[in-house]
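Participant: sequence-free structure coming up:
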């Protein structure tokens, strides 16, 4: 997946594989040096099962949170933290509804 051809080979490709409540994995492919590097795994914030209402939209929310930090050139850890946080919020609502009031406050327990 990381090695799929692209036009701008000067920029590395970052690949994120999410696995629901299990750790997500991040790898980076450097086209110029033809090198695949495993970055790390990231465990999502824990949400009590009783608080999970609907998992529809969790992936989209994760992508939005991740990209909101990625486009600001923040660290992969901060990108992953934002992605997992956004997903944790969306799964506590029905039908991909964004709560009227929500403030980004990732847990200090993030691994």
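Facilitator: Great, that's in hand. Small disclaimer: the values here were computed from a predicted structure and weren't measured. Numbers count the residues shown, from 1 in each chain.
Participant: and the strand or helix carrying residue 14, what other elements does it pack with?
Facilitator: Residue 14 belongs to strand 13-19 when assigned by DSSP states H and E. Counting contacts by 3 or more Cβ pairs under 8 Å, 6 or more residues apart in numbering; DSSP states H and E, strand 13-19 packs against strand 22-30, helix 58-70, helix 76-90. Yep, even glycine has a C-beta here, placed from its N, CA and C like the rest.
Participant: looking at these, which is buried most?
Facilitator: helix 76-90 (a mean of 22; mean count of other Cβ atoms under 10 Å).
Participant: adding mean pLDDT and distance to residue 47, write the helices and strands packed on strand 13-19 out as CSV.
Facilitator: As requested, these are exported to CSV (pLDDT from 0 to 100; distance: least, Cβ to Cβ, whole Å):
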stretch, mean pLDDT, distance to residue 47
strand 22-30, 97, 13
helix 58-70, 95, 10
helix 76-90, 95, 5
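Participant: nearest spatial neighbour of the residue positioned nearest the centre of the chain, chain-adjacent residues omitted?
Facilitator: When Cα atoms, centre = their mean is applied to the chain, the residue found nearest the centroid is residue 83 (3.7 Å). Of all residues not flanking residue 83 in the chain, residue 66 sits nearest, at 3.4 Å (Cβ to Cβ, 6 or more residues apart in numbering).
Participant: tell me which residues touch the one you found, please.
Facilitator: 16, 79, 80, 82, 83, 86 (Cβ atoms under 8 Å, 6 or more residues apart in numbering).
Participant: likewise residue 64?
Facilitator: Counted by Cβ under 8 Å, 6+ apart, residue 64 has contacts 83, 86.
Participant: what about 7 Å?
Facilitator: Neighbouring residues of residue 64 by Cβ atoms under 7 Å, 6 or more residues apart in numbering: residue 86.
Participant: mind checking how far it is from residue 94?
Facilitator: 18 Å (Cβ to Cβ, to the nearest Å).
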